[in-house]
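>>> need a 3D model of the following:
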Amino acid sequence: MYHLLSTPYIYESKEKMLSDMEEMYKNFIKMNYPVINAYDSKNDSWIDVKKEINPDIIFMSNPHKLTMSGYYEDLFLNYICLYVPYSHQISRYSNYYAQYNQLFHNAMYKIFAPHKVDLLIHKKYSENKGKNVEVTGYPATEFFLDKKYIAKDVWKEQSHKKIRIIYAPHHTIDLPELPFSNFLKYAEYFKELVQITKDTIQWAFKPHPLLKMKLKKHKDWGEARTNVYWDFWQNQENTQLEEGEYVDLFLASDALIHDSGSFLAEYLYVNKPVLFLTSQDDIKKYFNPFGCEAFDVCCHGKKKEDINFFIDSLIKNNDPMKEKREQFLEKNVYPFHKDKIPSDIIIESIKKTFKIA
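Numbers count the residues shown, from 1 in each chain. Below you'll find the model as predicted:
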């Protein structure tokens, strides 16, 4: 028997924190998952995991201290904890500490890595030299390759067929140690593109979940401007705002323009054109070797003209990186989906480790 536990993100206001938890809880209920809300609204209290659940095994979902101690270090220091990385592990910053060598990583009973490079990094940079790491592939992307999966068309209905482009900006507007985001540079230009291309292109705005919060605190943005910007994407005839699940969004799209982290690898699974917006010429030094390989099979954009050229290529049905993307998938992705999928590999590993029949 298993349960999902909806836990708080503590760097928001209490009102926002509880609202997000409730939304998460309801979404899991809709998907028929057995879920527990860590917040008890009747008693204005928080669930004590040991007293009220006392699990045998815990899957952790994020290595960073973003929640209360009772749902972070109190768990991984006292229980058998396993971890599937929350992203496809493409980045390199702070000497790999944040993603590979926190107390969290070294305390995990087992980490299920998305690719072979991940294991090599753990071996070199983790205190425990990657002794708890097993390479399984990335389970979060299985639907992209599942031929039996029937995707829902989540795109807004249009009067006629248009090219479907996702714009997915990253949140790192305030992180010089990981300078992915170009949002402040291109935010208004993408609004212009929406109007210019309204007869040929429909757009989905898929921002990183942390971007909105950071913009509200930014000196040149603030809450009012941020809300107006989000409303724009929600309300145009050829746009939509996407802040949740993205499997169906990706599958029914035609292309992606972004500067995000995990999407650098994830979108390659659908094998469609992608433009990565670069914030500086040496951006590859912020990718690990796997991330560099993923980056090399994308189109790159340094200025507005590169975005225009990419869109024009889509209109002309040109896809210059298709062969390179396929080579990347053959080398780095398909081997983990050939005989078994990553989630099955993980389940088998758990059963074998704990001698479960």
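>>> what's the neighbour count on residue 96?
Residues within reach of residue 96, counting by other CB atoms under 10 Å, total 17. Just so you know, the C-beta spots here come from the backbone N, C-alpha and C atoms, and that holds for glycine as well.
>>> actually residue 196, sorry about that
That count, for residue 196 with other CB under 10 Å as the rule, works out to 12.
>>> what do you get for residue 236?
Other residues close to residue 236 by other CB under 10 Å number 18.
>>> show me what contacts it?
194, 198, 203 (CB atoms under 8 Å, 6 or more residues apart in numbering).
>>> same question, residue 124
Listed by CB under 8 Å, 6+ apart, residue 124 has no contact partners.
>>> helix or strand for it, which one?
Taking DSSP states H and E as the criterion, residue 124 maps to helix 116-125.
>>> buried stuff in that helix?
For helix 116-125, a neighbour-count test (16 or more other CB atoms under 10 Å) marks 117, 118, 119, 120, 121, 122, 125 as buried.
>>> swap in stretch 51-58?
Buried residues in stretch 51-58 (16+ other CB under 10 Å): 55, 58.
>>> show me what the mean pLDDT comes to for it.
Taken as a whole, stretch 51-58 has a mean pLDDT of 95.
>>> closest to residue 64 out of the contacts of residue 236?
Nearest to residue 64 among those, counting by CB to CB, is residue 203 at 30.7 Å.
>>> for the closest residue to the closest one other than its chain neighbours, grab the count of nearby residues.
Among residues not flanking residue 203 along the chain, residue 239 sits closest, at 4.8 Å (CB to CB, 6 or more residues apart in numbering). Other residues near residue 239 come to 21 when the count uses other CB under 10 Å.
>>> please apply the same query to residue 98.
Residues near residue 98, counting by other CB under 10 Å: 16.
>>> kindly report the same for the one 3 residues further on.
Residue 101 is flanked by 20 other residues according to other CB under 10 Å.
>>> now the one 3 residues further on
By the other CB under 10 Å criterion, the neighbourhood of residue 104 contains 20 residues.
>>> how about the backbone phi and psi for it?
Main-chain torsions, residue 104, degrees, to the nearest 10: phi -50, psi -50.
>>> pretty sure it sits against residue 66.
No - using CB atoms under 8 Å, residue 104 is not in contact with residue 66, being 11.1 Å away.
>>> got the phi and psi for residue 136?
Dihedral pair for residue 136: phi -130, psi -10, per degrees, to the nearest 10.
>>> ok, and the most crowded of the contacts of residue 236?
Neighbour count (other CB under 10 Å) singles out residue 203 as the most crowded of the contacts of residue 236, with 25 neighbours.
>>> in a markdown table: the contacts of residue 236, plus distance to residue 311, pLDDT and secondary structure.
Shown next, in a markdown table, are these (distance: CB to CB, whole Å; pLDDT from 0 to 100; DSSP: H, G, I helix; E, B strand; the rest coil):
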| residue | distance to residue 311 | pLDDT | secondary structure |
| --- | --- | --- | --- |
| 194 | 12 | 98 | helix |
| 198 | 13 | 97 | coil |
| 203 | 11 | 98 | strand |
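>>> of the residues you listed, closest to residue 110?
residue 203 (40.7 Å).
>>> any idea how far residue 242 is from that closest one?
Applying CB to CB, to the nearest Å, the value for residue 203 to residue 242 is 10 Å.
>>> give me the common contacts of those two.
residue 166.
>>> helices of the stretch 101-250 of the chain, residue ranges please.
For the stretch 101-250 of the chain, applying DSSP state H, counting those that start in this stretch gives helices covering 103-107, 116-125, 142-145, 183-196, 211-217, 222-235, 247-251.
>>> of those helices, which is nearest residue 11?
Short answer: helix 211-217, nearest of these by CB to CB, at 7.8 Å.
>>> for that closest one, buried residues please.
211, 212, 213, 214, 215.
>>> please apply the same query to stretch 283-295.
283, 286, 287, 288, 290, 291, 292, 293, 294, 295.
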